[in-house]
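my questions concern the predicted model and sequence given below.
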Amino acid sequence: MKKILAKKSVSKMIKSIIVMVLSMTVILQVLMYYNFRFENMPPIIRVVLAIFIVLSIFSMIQIVILSFVPTIIMEYDDTGLYIHKINQKTTYVKFADITNVKATINIWAKPFLVYTAVVIDTDQKEYVVRHLDKMDDVKDIIHHLAFEVNEEIT
């Protein structure tokens with residue numbers, strides 16, 4: 001019987017929506033202040049406006065990606081993990097095949113110690129799972145199931 005191991009991060013979706021709304025509000029306010037005329041804007045304001053436009057585009061892309069991620073990303077049973085992907089495909093990884101489990105930190109998130117992915121290494125392939133809620137806990141549970149519980153069985 002499968003048990004849920006990891007769900008989609010709802011907080012990441014909320015943060016992306018907040019960033020998008022705030023950046024679009026700044027864009028609209030700046031454009032309204034200059035009557036929607038770029039020629040009236042000083043160069044520094046154009047640069048700031050471009051930064052907020054890029055930020056809002058990245059936020060929109062993040063929201064679209066997160067909306068297609070399945071609600072349950074990882075499940076497990078007695079013998080292995082089931083990794084559910086965006087394209088409705090499920091990958092099965094046996095606990096006996098796992099050689100290493102780690103949580104990675106993106107260079108931009110490093111000052112805040114925000115984990116961005118769980119990496120599951122096997123002899124054949126490396127599985128990278130993103131958009132998880134509580135990544136560090138998931139990493140610890142996988143490590144426990146793959147190495148400590150698996151050794152007790154054998």
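All right, it came through fine. Numbers count the residues shown, from 1 in each chain.

show me where the chain has helices.
10-33, 43-68, 135-143, 150-153 (DSSP state H).

mean pLDDT, mean neighbour count and distance to T91 added to those, as TSV?
Yep, even glycine has a C-beta here, placed from its N, CA and C like the rest. Shown next, in TSV, are the helices of the chain (pLDDT from 0 to 100; neighbours: other CB atoms under 10 Å; distance: least, CB to CB, whole Å):
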stretch	mean pLDDT	mean neighbour count	distance to T91
helix 10-33	94	14	22
helix 43-68	93	14	17
helix 135-143	88	18	14
helix 150-153	56	10	19
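
tabulate these in CSV, adding columns for distance to V118.
What follows is the helices of the chain, written out as CSV (distance: least, CB to CB, whole Å):
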stretch, distance to V118
helix 10-33, 14
helix 43-68, 16
helix 135-143, 5
helix 150-153, 18
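
between these, which one is nearest to T122?
helix 135-143 (12.0 Å; CB to CB).

and L66, how far is that from T90?
Noted for L66: a distance of 19 Å to T90, by CB to CB, to the nearest Å.

next one: R46
Taking CB to CB, one finds R46 at 47 Å from T90.

picking that back up, figure out which of the helices of the chain is closest to D123.
Across the helices of the chain, D123 has its closest neighbour in helix 150-153 (14.9 Å, CB to CB).

give me the number of residues near the closest residue to T71 other than its chain neighbours?
Once flanking residues are discounted, T71 sits nearest to K8: 5.4 Å by CB to CB, 6 or more residues apart in numbering. When neighbours are counted by other CB atoms under 10 Å, K8 registers 18.

my read: K8 touches V129, true?
No - K8 is beyond contact range of V129, at 11.0 Å (criterion: CB atoms under 8 Å).

hey, what's in contact with both of those two?
I73 (CB atoms under 8 Å, 6 or more residues apart in numbering).

show me the chain divided up by domain.
Domain assignment for the chain, taken from automatic domain parsing, gives 3-7+71-153, 10-68.

ok, now which ones touch the spatially closest residue to M13 that is not a sequence neighbour?
Among residues not flanking M13 along the chain, L66 sits closest, at 4.7 Å (CB to CB, 6+ apart). L66 makes contacts with 8-9, 12-13, 16, 131, as judged by CB under 8 Å, 6+ apart.

same deal with M41?
Each residue near M41 by CB under 8 Å, 6+ apart is listed here: 30, 34, 49.

distance to M60 added to those, as a markdown table?
A markdown table is the format used below for the contacts of M41 (distance: CB to CB, whole Å):
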| residue | distance to M60 |
| --- | --- |
| V30 | 18 |
| Y34 | 23 |
| L49 | 17 |
